[in-house]
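In: Generate coordinates for the sequence data below:
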Amino acid sequence: MKNFLFALLVCALFLSSCTNDKAPDPFLIQKHHIGLLTDSTQVKDLDAIFKNDSVVRYIAGDEFAGSINTIEIFEKSGNKLLDLTPKEALDSTSVIESVRIMDKRYKTPKNITLLSTYKEIKEAYKISKVDNLIDYIVVSVNEINASFAIDKKELPAELQYDMDIIIEPIQIPEKAKIKYFMIHW
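Out: So this is what the prediction gives:
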């Protein structure tokens, strides 16, 4: 009986050591999460999620103003990783509404990063919409809830100054670089 229990214990230990408990990639961007940060993460949980990093919260002078406060995430070395915007200002139970990617190590499963070009984005994902703003165009990809801002200086001259013009995805130069990259939840 002792041999049977010993053999069972050895088998259990062997099987438990074979499980794949690989930690999630802290720089992987997917539709509902970025590393350990998810679309249901509350502001109060940020210190635990980024325990090896610095979480910087700016408090507006007037708590009754209702303005959204950006939360910045820095590595201990000082490198800025993310800008987080909660749905509700000054509410520790609020979830994160949007995440601005600030570090080039963050990537989607299709290897889109801050260093990617418009060509790489359109080859990897279906472009959902292009918005024409004052200084930027914003290319939206619904598949991953992402928006990619491209400086209008990257566009042909006839598209740079008219905010009323509708810019089609085909008009954007393939070599246009991403200025910034956001995920919206």
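
In: just the strands in this structure please.
Out: 29-30, 33-34, 37-38, 53-57, 71-75, 80-86, 96-101, 129-132, 136-141, 146-151, 180-184 (DSSP state E).

In: So which of the ones you listed is nearest Asp162?
Out: strand 129-132 (8.0 Å; CB to CB). C-beta: built from backbone N, CA, C; applies to glycine.

In: Need the residues that contact that closest one.
Out: 137-140, 163-169, 172 (CB atoms under 8 Å, 6 or more residues apart in numbering).

In: Could you count how many residues lie near the closest residue to Lys31 other than its chain neighbours?
Out: The shortest distance from Lys31 to any non-neighbouring residue, by CB to CB, 6 or more residues apart in numbering, is to Ile144 (5.1 Å). Neighbours of Ile144 under the rule other CB atoms under 10 Å: 18.

In: can you pull the contacts of Ile144?
Out: 29-31, 108, 125, 183.

In: Any stretches of this protein with poor pLDDT?
Out: For the chain, applying pLDDT under 70 flags the ranges 1-23, 59-68.

In: Give me the domain ranges for it.
Out: Listed domain ranges for the chain are 24-104, 107-185 (source: automatic domain parsing).

In: just how off-centre is the longest one within its chain?
Out: The one in question is domain 24-104. Domain 24-104 sits 10 Å away from the centroid of its parent chain (CA atoms, centre = their mean, to the nearest Å).

In: That one spans what distance, first to last residue?
Out: Terminal residues of domain 24-104 lie 18 Å apart, using CA to CA, to the nearest Å.

In: if we can go back for a sec, now the strands of the chain as JSON lines including distance to Lys44 and mean neighbour count?
Out: Below are those laid out as JSON lines (distance: least, CB to CB, whole Å; neighbours: other CB atoms under 10 Å):
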{"stretch": "strand 29-30", "distance to Lys44": "23", "mean neighbour count": "19"}
{"stretch": "strand 33-34", "distance to Lys44": "18", "mean neighbour count": "21"}
{"stretch": "strand 37-38", "distance to Lys44": "13", "mean neighbour count": "19"}
{"stretch": "strand 53-57", "distance to Lys44": "11", "mean neighbour count": "15"}
{"stretch": "strand 71-75", "distance to Lys44": "11", "mean neighbour count": "17"}
{"stretch": "strand 80-86", "distance to Lys44": "10", "mean neighbour count": "20"}
{"stretch": "strand 96-101", "distance to Lys44": "11", "mean neighbour count": "21"}
{"stretch": "strand 129-132", "distance to Lys44": "33", "mean neighbour count": "14"}
{"stretch": "strand 136-141", "distance to Lys44": "30", "mean neighbour count": "20"}
{"stretch": "strand 146-151", "distance to Lys44": "26", "mean neighbour count": "21"}
{"stretch": "strand 180-184", "distance to Lys44": "20", "mean neighbour count": "19"}
